[in-house]
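S.K.: Here is a sequence with its predicted model. Questions after.
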Amino acid sequence: MKINFMQVIRLVGMVVAIAGIIYALEFMERGIAVWFWIALLGIGFVGLLYTFRLTQRRQAVEERERERAEKRLKKRSQRKKRA
């Protein structure tokens, strides 16, 4: 399986977002600014997770399509050998 550089960046971004949320909740004083940054990190995390899943789904569809195309070519070549 080919490693996608953008997927690695997304995964690192998700880990950083979660770490930022935990840090903000643990060590920062509660205030509107903290909740703003927590919300921003949460939205970023959800966005990263969504794009990660979209990419995974797209890659799976492409792989299935590639396998179907290979099967079709294999069947055609078998038919030509018989004829």
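M.R.: Okay, I see it.
S.K.: how many neighbours does L41 have?
M.R.: 19 (other CB atoms under 10 Å). For every residue, glycine as well, the C-beta is placed using N, CA and C.
S.K.: how far away is V16 from K71?
M.R.: The gap separating V16 from K71 is 42 Å, by CB to CB, to the nearest Å.
S.K.: which element is E70 on?
M.R.: helix 32-82 (DSSP states H and E).
S.K.: Can you name every helix or strand that that helix contacts?
M.R.: helix 5-27 (3 or more CB pairs under 8 Å, 6 or more residues apart in numbering; DSSP states H and E).
S.K.: surely G42 meets I22?
M.R.: No: contact status for G42 versus I22: not in contact, 11.7 Å apart, counting by CB atoms under 8 Å.
S.K.: that older thread, comparing V16 and K71, which residue is more hemmed in?
M.R.: More crowded of V16 and K71, by other CB under 10 Å: V16, with 14 against 10.
S.K.: was I right about L48 contacting G13?
M.R.: Yes: applying CB under 8 Å, one finds L48 in contact with G13, separated by 5.0 Å.
S.K.: which residues sit in contact with the closest residue in space to L11 that isn't next to it in sequence?
M.R.: The shortest distance from L11 to any non-neighbouring residue, by CB to CB, 6 or more residues apart in numbering, is to F52 (7.2 Å). Residues in contact with F52 (CB atoms under 8 Å, 6 or more residues apart in numbering) are 7, 10-11, 14.
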